[in-house]
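# could you work out the structure for the sequence below:
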Amino acid sequence: MLTLKNVSRRYGDARTGTLAVSDLSFEIGSNEVVTMVGPSGCGKTTVLKLMAGLLSPTDGSIEIDGRPVVRPPEEIALVFQDYVNSLYPWMTVAQNVDFPLRRKAPERAIRRERVKTAIDSVGLGGFEDHYPWQLSGGMQQRVAIARGLAYQPKMLLMDEPFGALDAQTRADLEDLVLRVRDTFGVTIVFVTHDIDESVYLADRVLVMGPRPTFIEADLPVVLPSPRDQIETKELAEFARVRGDVYRRIRRSSEAMRTEATRTVTA
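Residues are numbered from 1 along each chain as shown. This is a model prediction of the structure:
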């Protein structure tokens, strides 16, 4: 569905600027959940913005369904980490979910049905007339997910969406993500710092190498479905993949620290 071919990205001058992404190539298939995990500062969010068409590659190409990504594609919706600032506080839950649809679906009846379906699917039925400031953090992030679903994208990009939430709320929303994939058939790319989360959600884990980032490993995750927060994480296969991911990230983190030390001393 989405293909990156030899993608590089520099900030600043196209030849001499800071190289954030180097010669990155991978594919995302339809209906997959692919997680991206790596050391802090390695460039995960930059890669996600490239996929979303919010940044242009310095070199290489990005295609969705065989078409070049030169601007944010209609097929993609993005859920940000900062749910507080991504929702309009003067709009109700229903109005926030409806807002991106006004251009795509001008008919009010169609929009109302999409909004209701999306809100119900994230467990917020009955909260349509509440404002974001009347909701908990986990509920606000559910609104952000509902807004993406109402848009009916083929692909949902999620940038560390649960990083600021408590452990139980995070677990509940992880299970929501998997239900969303099964219910709507949407492809999901999920950036996270949490290794357990990266394995629990994924069909594949992309482990990102140290900056300038590259794919250090593309690991398949073969775990039974439906997944369960307790039973799945007690499986030997879960522990094996988790250990593999952790060792790779630790090596990348050490490489980044070594490079930073070398740069300072130089």
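# what comes up buried for the helix or strand of the chain with the lowest mean pLDDT?
Least confident helix or strand, the chain: helix 83-86 with a mean of 76, by mean pLDDT, DSSP states H and E. The neighbour-count check on helix 83-86 (16 or more other Cβ atoms under 10 Å) flags 83, 86 as buried. No exception for glycine: its C-beta is placed from N, CA and C like everyone else's.
# export it as CSV, just CAs?
Once non-C-alpha atoms are left out, helix 83-86 reads as follows in CSV (Å, rounded to 0.1, in the frame of the first residue of the first chain):
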residue,chain,number,x,y,z
TYR,A,83,-4.0,15.2,22.0
VAL,A,84,-4.5,18.3,24.1
ASN,A,85,-3.4,20.7,21.4
SER,A,86,-4.8,18.6,18.5
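# against which helices or strands is the next helix or strand after it packed?
Going down the chain from helix 83-86, the next helix or strand is helix 93-98, by DSSP states H and E. Packing partners of helix 93-98 (3 or more Cβ pairs under 8 Å, 6 or more residues apart in numbering; DSSP states H and E): helix 108-121, helix 137-150.
# could you pull out the strands for this protein?
2-11, 18-28, 33-37, 59-64, 67-68, 76-79, 155-159, 187-191, 204-208, 215-220 (DSSP state E).
# got those strands as a markdown table, with distance to Met91 columns?
Listed next are the strands of the chain as a markdown table, based on distance: least, Cβ to Cβ, whole Å:
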| stretch | distance to Met91 |
| --- | --- |
| strand 2-11 | 31 |
| strand 18-28 | 32 |
| strand 33-37 | 30 |
| strand 59-64 | 29 |
| strand 67-68 | 33 |
| strand 76-79 | 17 |
| strand 155-159 | 21 |
| strand 187-191 | 25 |
| strand 204-208 | 35 |
| strand 215-220 | 39 |
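# out of the ones you listed, which is closest to Glu128?
strand 76-79 (19.4 Å; Cβ to Cβ).
# residues of that closest one that come out buried?
76-79.
# likewise for stretch 225-238?
Here stretch 225-238 shows 227, 232-233, 238 as buried, counting by 16+ other Cβ under 10 Å.
# identify, from those, the entry nearest to Ala171.
Closest approach to Ala171 among those (Cβ to Cβ): Lys233, at 10.0 Å.
# from what I can see that closest one touches Leu201, true?
No. The criterion here is Cβ atoms under 8 Å, and Lys233 misses it with Leu201 at 11.9 Å.
# output the buried residues of strand 76-79 in a markdown table; the columns should cover pLDDT and distance to Glu32.
Formatted as a markdown table, these follow (pLDDT from 0 to 100; distance: Cβ to Cβ, whole Å):
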| residue | pLDDT | distance to Glu32 |
| --- | --- | --- |
| Ile76 | 90 | 14 |
| Ala77 | 89 | 16 |
| Leu78 | 88 | 17 |
| Val79 | 87 | 17 |
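# now, among those, which is nearest to Glu197?
Closest to Glu197 out of those is Val79 (14.4 Å), distances taken as Cβ to Cβ.
# fine, thanks again, bye for now.
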